[in-house]
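# Starting from these lines, generate the structure:
(chains A and B)
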There are 2 protein chains.
Amino acid sequence: MGRERLHHPTVGDIELDRVLGALSDPIRRDILQRIASDGPQFCGDLSNMYDVAKSTMSYHFRVLRESGLMHTEVVGKHRRVTRRDGVIETLFPGLLLSVGLPPGEGTWRESVDVSEPDAQITN
Amino acid sequence: MGRERLHHPTVGDIELDRVLGALSDPIRRDILQRIASDGPQFCGDLSNMYDVAKSTMSYHFRVLRESGLMHTEVVGKHRRVTRRDGVIETLFPGLLLSVGLPPGEGTWRESVDVSEPDAQITN
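As a prediction, the model looks like this:
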């Protein structure tokens, strides 16, 4: 059985419109804050922390992943999320800090080479 | 006949959600960029610069004003817009620069006192 792979935008595919749209929701910012404070999080655990429908949480996770702000790793039957602070900080320096989300724990380790914008995540 | 006054959020009413939402659109960012480059702009002139409906432009102007990013002044039958860089920079330092919109020309002059968040714009 193949390991499930979720789509993540490459450095060259990350768009400011989507990043700002993703950051414009307080629950999505709070998810990113928790990852920075407490390290990588399982989506199931995060979903229990907010008083919203599971489908809404799934939507938030997808928006964060597709914007490029978050990395989602499939671990068995679970999904574990980290922040893609490296690429975001490279593309939009200071943005995360300016909205109260400075990098901390839970940063996905990936090489960021803006000269190869289509480079795939290698991890 | 009274002078038309448009509502602008006070420092204490400006919300990050709305600021980021307003910034997430390329036309709205472009409007802010033009003001910084060329100084105060008339809405009518700006509307002619983009290939979208007038109603869409009115929506963009309203979103920018209600978010706190832009000030709209009624000048006779026209509306002239400037940027509220002082309040935005005070509330979210570095945000404008991080999204490619550093302060420049066309900044609305208003005193920014975060200790009096309900202070009305005095100009």
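
# so what's the residue most central in space within chain A up against?
The geometric centre of chain A, computed from its C-alpha atoms, lies nearest to A:M70 (Cα atoms, centre = their mean), at 0.7 Å. Taking Cβ atoms under 8 Å, 6 or more residues apart in numbering or on different chains, we find A:M70 in contact with A:I31, A:L32, A:I35, A:F61, A:L64, A:V81, A:T82, A:R83, A:R84. In short, each C-beta sits where N, CA and C put it, glycine included.

# just the buried members of the residues you listed?
For the contacts of A:M70, a burial check counting by 16 or more other Cβ atoms under 10 Å in any protein chain shown picks out A:I31, A:L32, A:I35, A:F61, A:L64, A:V81, A:T82, A:R83, A:R84.

# wait, isn't the third one in contact with A:E105?
In this case it means A:I35. Yes. Judged on Cβ atoms under 8 Å, A:I35 makes contact with A:E105 at a distance of 7.0 Å.

# thinking again about what came up before, wait, which of the contacts of A:M70 is closest to chain B?
The shortest approach to chain B among the contacts of A:M70 belongs to A:L32, at 12.6 Å (Cβ to the nearest Cβ).

# so what's the closest one closest to, chain neighbours aside?
Sequence neighbours aside, A:L101 is the residue nearest to A:L32 in space, at 5.2 Å (criterion: Cβ to Cβ, 6 or more residues apart in numbering or on different chains).

# Tell me the pLDDT of that neighbour.
A:L101 is assigned 97 on the pLDDT scale.

# same question, A:R109
For A:R109, the pLDDT comes out at 87.

# so where is chain A shaky, pLDDT-wise?
Low-confidence segments of chain A, defined by pLDDT under 70: A:1-4, A:114-123.

# what about the strands in it?
A:41-42, A:70-75, A:78-83 (DSSP state E).

# Tell me which of those sits most buried.
Comparing the strands of chain A on average neighbours per residue, with mean count of other Cβ atoms under 10 Å in any protein chain shown, the densest one is strand A:78-83 at a mean of 20.

# Now do that one and strand A:70-75, the angle between them.
150 degrees (axes from the mean of the first three to the mean of the last three Cα atoms, to 10 degrees).

# Output the contacts of A:M70 as JSON lines; include the columns distance to A:C43.
Below are these laid out as JSON lines (distance: Cβ to Cβ, whole Å):
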{"residue": "A:I31", "distance to A:C43": "9"}
{"residue": "A:L32", "distance to A:C43": "13"}
{"residue": "A:I35", "distance to A:C43": "11"}
{"residue": "A:F61", "distance to A:C43": "6"}
{"residue": "A:L64", "distance to A:C43": "10"}
{"residue": "A:V81", "distance to A:C43": "6"}
{"residue": "A:T82", "distance to A:C43": "12"}
{"residue": "A:R83", "distance to A:C43": "14"}
{"residue": "A:R84", "distance to A:C43": "16"}
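
# which among those gets closest to A:A22?
Set against A:A22, the nearest of the contacts of A:M70 by Cβ to Cβ is A:L64 (5.5 Å).

# what are the bridge partners for the nearest residue to the closest one once chain neighbours are set aside, then?
Spatial nearest neighbour of A:L64, excluding adjacent residues (Cβ to Cβ, 6+ apart): A:M70 at 3.9 Å. Beta bridges link A:M70 to A:R83, judged by DSSP bridges.
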